[in-house]
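Colleague: Predicted model and sequence follow; I will ask about them next.
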Amino acid sequence: MNLQQLVLGGVLLVQLIVVGIILLLNATGSQKPKSFLQFDQREADRVVVSSGDESIELIRVNDGWKMSNGNPVDESKVSRVLEKLADVQPDWPVATSDSAAQRFEVSRDKFQKQVSVYSGDKTLADVYFGTSPSFRKVHARHTRGGDIYSIEFSNHEAGTSTSSWLDRSLLHPQGAITSLEKVGDFALTNTDDGWIIDSGEELDESKVRSYIDRFESLNVFEISDKDVSDIDTKEEFVITDDKGSYSLVIYHLVTSDDWVATSDRFNDHYGVVSYQGKELFKELGDLVPDAELVDEDDELESIEEVLTD
């Protein structure tokens, strides 16, 4: 074998090595991690979230999502959570062993949250969520076992308290308010010419509109366990909206400065923030034109009469 043959053989060997490396890289690059979760969120009709010590069940009914106790759920939050979980495409598994599952808190004996999604009797997802490896990421593992992944999710999105899922706008009227009675005090009615009062006083339209807005934007933040049976500081309202008339009662627990609302459209008591509760305790004098402005108008009318004469 002469020198030329040796050179040609070496070149060929290098070419074969390069081709082999390219083929290996292409083969590896074409592989993708398997989908961790994949289901049609439109099929979901029940979600159970548990932390071990506490759990909550959300149920889809004809007119939206509700808790098992009948309270309406923040449907936008349910949709966001289901959308995140319905098609989780993670990176490669971060661990596979049972000891790692204990360490990352995604095992049957030790987990931070468990989220189970159902469609009738069919389980769409059943996952443990554990520690967080980085911002807005959490370790996750199927309850049946298997690999451990790091996915885009956070445990606070899967709350187990009623307040974490409660529809905070549940006391909003259905459509526009057309009449509002403060029981034992006054009654307001919206007409084509603006708001009028049963006693016939002149109203300040902007003040009345601002007052009505307070009811249309009244939010709650929790299901309250405060005892209001002996509370005298309260106001009762009868409100008419597109759905009909309903009763709303606002209680003020003076000692603790807690505010609680009830409605005959729901069975529970709800916590209301103080600045909103205070704004509902209005008197008739708060809805009429300011006395100074009335005096100025009367004075202008008197001057106009003198000039006319």
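Modeller: Alright, I've got the coordinates.

Colleague: From now on I want contacts and neighbour counts done on CA atoms only, so please keep to that.
Modeller: Will do.

Colleague: So, low pLDDT: which residues of the chain?
Modeller: 1-33, 292-309 (pLDDT under 70).

Colleague: which strand is the longest one in the protein?
Modeller: strand 244-253 (DSSP state E).

Colleague: Going along the chain, name the helices of the stretch 51-200 of the chain.
Modeller: Ranges of helices in the stretch 51-200 of the chain, per DSSP state H, counting those that start in this stretch, are 75-86, 98-103, 162-165.

Colleague: what's the shortest one packed up against?
Modeller: Based on contacts counted as 3 or more CA pairs under 8 Å, 6 or more residues apart in numbering; DSSP states H and E, the elements that helix 162-165 packs against are strand 222-224.

Colleague: before we move on, the earlier item: so which of the helices of the stretch 51-200 of the chain comes closest to Ser51?
Modeller: Closest to Ser51 of the helices of the stretch 51-200 of the chain is helix 162-165 (CA to CA; 13.2 Å).

Colleague: Contacts for the closest one next, please.
Modeller: The set of residues external to helix 162-165 that reach it, using CA atoms under 8 Å, 6 or more residues apart in numbering, is 56, 73-74, 77, 159, 221-223.

Colleague: so which pair among those is furthest apart in space?
Modeller: Maximum distance among the contacts of helix 162-165 (CA to CA): 17.7 Å, for Lys77 and Ile223.

Colleague: which is the next helix or strand following the strand or helix carrying Thr262?
Modeller: Here Thr262 is covered by strand 258-263, with elements defined by DSSP states H and E. Sequence order places strand 269-272 as the next helix or strand after strand 258-263, per DSSP H and E.

Colleague: Buried residues of the helix or strand following that next one, list them for me.
Modeller: Reading on from strand 269-272 to the C-terminus, the next helix or strand found by DSSP H and E is helix 274-280. Across helix 274-280, burial judged by 16 or more other CA atoms under 10 Å covers 276-277, 280.

Colleague: The helices of the stretch 51-200 of the chain: which one's closest to Asp193?
Modeller: Here helix 75-86 is closest among those (CA to CA), at 37.2 Å.

Colleague: C-alpha coordinates for the closest one, PDB please?
Modeller: Taking C-alpha atoms only, helix 75-86 is exported to PDB below (Å, rounded to 0.1, in the frame of the first residue of the first chain):
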ATOM      1  CA  GLU A  75     -65.500  30.800  35.100                       C
ATOM      2  CA  SER A  76     -62.700  32.700  33.600                       C
ATOM      3  CA  LYS A  77     -60.300  31.200  36.200                       C
ATOM      4  CA  VAL A  78     -61.600  27.700  35.500                       C
ATOM      5  CA  SER A  79     -61.000  28.200  31.800                       C
ATOM      6  CA  ARG A  80     -57.500  29.500  32.300                       C
ATOM      7  CA  VAL A  81     -56.500  26.500  34.500                       C
ATOM      8  CA  LEU A  82     -58.000  23.900  32.200                       C
ATOM      9  CA  GLU A  83     -56.400  25.600  29.200                       C
ATOM     10  CA  LYS A  84     -53.000  25.400  30.800                       C
ATOM     11  CA  LEU A  85     -53.400  21.700  31.700                       C
ATOM     12  CA  ALA A  86     -55.200  20.500  28.600                       C
END
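
Colleague: So what touches that helix?
Modeller: So helix 75-86 is in contact with 37-41, 64-65, 152-153, 157-158, 165, 167, going by CA under 8 Å, 6+ apart.

Colleague: about what we covered before: okay, the helices of the stretch 51-200 of the chain, which one's buried deepest?
Modeller: The highest mean neighbour count among those, using mean count of other CA atoms under 10 Å, belongs to helix 162-165: a mean of 20.

Colleague: roughly how far is the strand holding Thr262 from the heart of the chain?
Modeller: The chain centre lies 20 Å from the centre of strand 258-263; the measure is CA atoms, centre = their mean, to the nearest Å.

Colleague: next one: stretch 120-138
Modeller: 19 Å.

Colleague: Just want the phi and psi numbers for the closest residue to His172 other than its chain neighbours.
Modeller: With CA to CA, 6 or more residues apart in numbering as the criterion, His172 has its nearest non-adjacent residue at 5.3 Å, and that residue is Glu216. Dihedral angles of Glu216 (phi, psi; degrees, to the nearest 10) stand at phi -70, psi -20.
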